[in-house]
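**Student:** when you get a sec, could you give me coordinates for this:
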Amino acid sequence: MAASQKKIFEIFVSKIPWTLARNEMKEYFGQFGQLKKCYIPFDTETGFHKGYCVIRFVTEEGLNNTLEKDKHVVEGTELLVGKKRKWFDLHSSNKDGKHD
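**Tutor:** Numbering: from 1, shown residues only. As a prediction, this is how the structure comes out:
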């Protein structure tokens with residue numbers, strides 16, 4: 001019996017200015033839907049974040065609202081926003097969308 005898969009509504013954001021913190025990212029992306037998670041990794045040597053983050057929404061609607069917007073500009077910088085996909089989604093050879 002296959003385990004049920006829980007859907008994850010996640011985006012990957014890069015080109016984040018070093019002046020932005022987690023709270024600002026949560027505030028900005030929260031306007032598109034309720035957030036479940038905002039993860040910004042930090043460099044332990046410099047103390048600055050690495051310029052990217054992962055945003056997880058509670059619902060698919062928040063994800064879709066974010067992806068429908070053409071540009072995401074925060075503090076004058078255009079962020080690069082895309083849907084995060086697992087390795088097997090990118091490399092699957094099955095035409096019906098199922099994974100081995």
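
**Student:** quick check: closest non-adjacent residue to Gly62.
**Tutor:** Spatial nearest neighbour of Gly62, excluding adjacent residues (Cβ to Cβ, 6 or more residues apart in numbering): Gly33 at 1.9 Å. Yep, even glycine has a C-beta here, placed from its N, CA and C like the rest.

**Student:** may I ask which helix or strand encompasses the one you found?
**Tutor:** Per DSSP states H and E, Gly33 falls between elements, in no helix or strand.

**Student:** check contacts around it.
**Tutor:** Counting by Cβ atoms under 8 Å, 6 or more residues apart in numbering, Gly33 makes contact with Phe57, Val58, Thr59, Glu61, Gly62, Leu63, Asn65, Thr66.

**Student:** for the last one, helix, strand, or coil?
**Tutor:** Spelled out, it's Thr66. Classification of Thr66 using DSSP: H, G, I helix; E, B strand; the rest coil returns helix.

**Student:** is it in contact with Tyr28, as I believe?
**Tutor:** No. With contact defined as Cβ atoms under 8 Å, Thr66 does not reach Tyr28; the gap is 9.8 Å.

**Student:** distance of the residue nearest to Gly62 from Gly51?
**Tutor:** Look at Gly33 and Gly51: by Cβ to Cβ, to the nearest Å, they are 24 Å apart.
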